[in-house]
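[1] No sequence on hand, only this structure:
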Ligand SMILES: O=C(CO)[C@H](O)[C@H](O)COP(=O)(O)O
């Protein structure tokens, strides 16, 4: 799986942990930064860059990481066509793929151990979109709204 990562200072350690963990698991992982720890940095540019990379690479997935994952998920969702879901356990990670066909997971590094976060992200990456008609219908309604703002 091609995977794009972005974070802020609060997610920096987990981002680097996931980079090694996912590469060790055979994933093709691209780090959209930051490359250096900066306690004053801001998550939007890094998370938007990760979401844009996913948008431009059909079939890839992204992970955006912060303290809570909330703002990171919001940033990713600003990229047209991207569905980013906050994942906080294995079930929400699986449902984000099965029901929402989310291409990006947001996760809070302050909410989990490194190992637990890696398990959640492993689940997100390993779970397939169900393709169920009712879920596609709901996604289509979101896509329509995004296109028309009405
Ligand atoms: O989770 C986040 C956004 O949703 C950020 O990582 C968090 O707000 C950073 O906080 P601070 O600047 O106090 O370290």
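    Perfect, I can see it now. Bear in mind the structure is a predicted one, so any value in this text is a computation, not a measurement.
[2] avg pLDDT for the lengthiest helix in the chain?
    When the chain is parsed with DSSP state H, its longest helix is helix 133-148. Here helix 133-148 scores 97 as its mean pLDDT.
[3] Mind giving me the packing neighbours of it?
    If contacts are counted by 3 or more C-beta pairs under 8 Å, 6 or more residues apart in numbering; DSSP states H and E, helix 133-148 sits against no helix or strand. Any C-beta I mention is one placed from the backbone N, CA and C, and that applies to glycine too.
[4] what does that helix rub up against?
    Under the contact criterion C-beta atoms under 8 Å, 6 or more residues apart in numbering, helix 133-148 has outside partners 80-81, 83, 98-101.
[5] Now render those residues as JSON lines, adding secondary structure, neighbour count and pLDDT.
    Below are those laid out as JSON lines (DSSP: H, G, I helix; E, B strand; the rest coil; neighbours: other C-beta atoms under 10 Å; pLDDT from 0 to 100):
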{"residue": "80", "secondary structure": "coil", "neighbour count": "11", "pLDDT": "97"}
{"residue": "81", "secondary structure": "coil", "neighbour count": "13", "pLDDT": "97"}
{"residue": "83", "secondary structure": "coil", "neighbour count": "18", "pLDDT": "98"}
{"residue": "98", "secondary structure": "helix", "neighbour count": "16", "pLDDT": "98"}
{"residue": "99", "secondary structure": "coil", "neighbour count": "16", "pLDDT": "98"}
{"residue": "100", "secondary structure": "coil", "neighbour count": "18", "pLDDT": "98"}
{"residue": "101", "secondary structure": "coil", "neighbour count": "17", "pLDDT": "98"}
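[6] in the longest helix of the chain, what's buried?
    Across helix 133-148, burial judged by 16 or more other C-beta atoms under 10 Å covers residue 139.
[7] Also stretch 41-55?
    Of all the residues in stretch 41-55, those buried under the rule 16+ other C-beta under 10 Å are 41, 43, 46-55.
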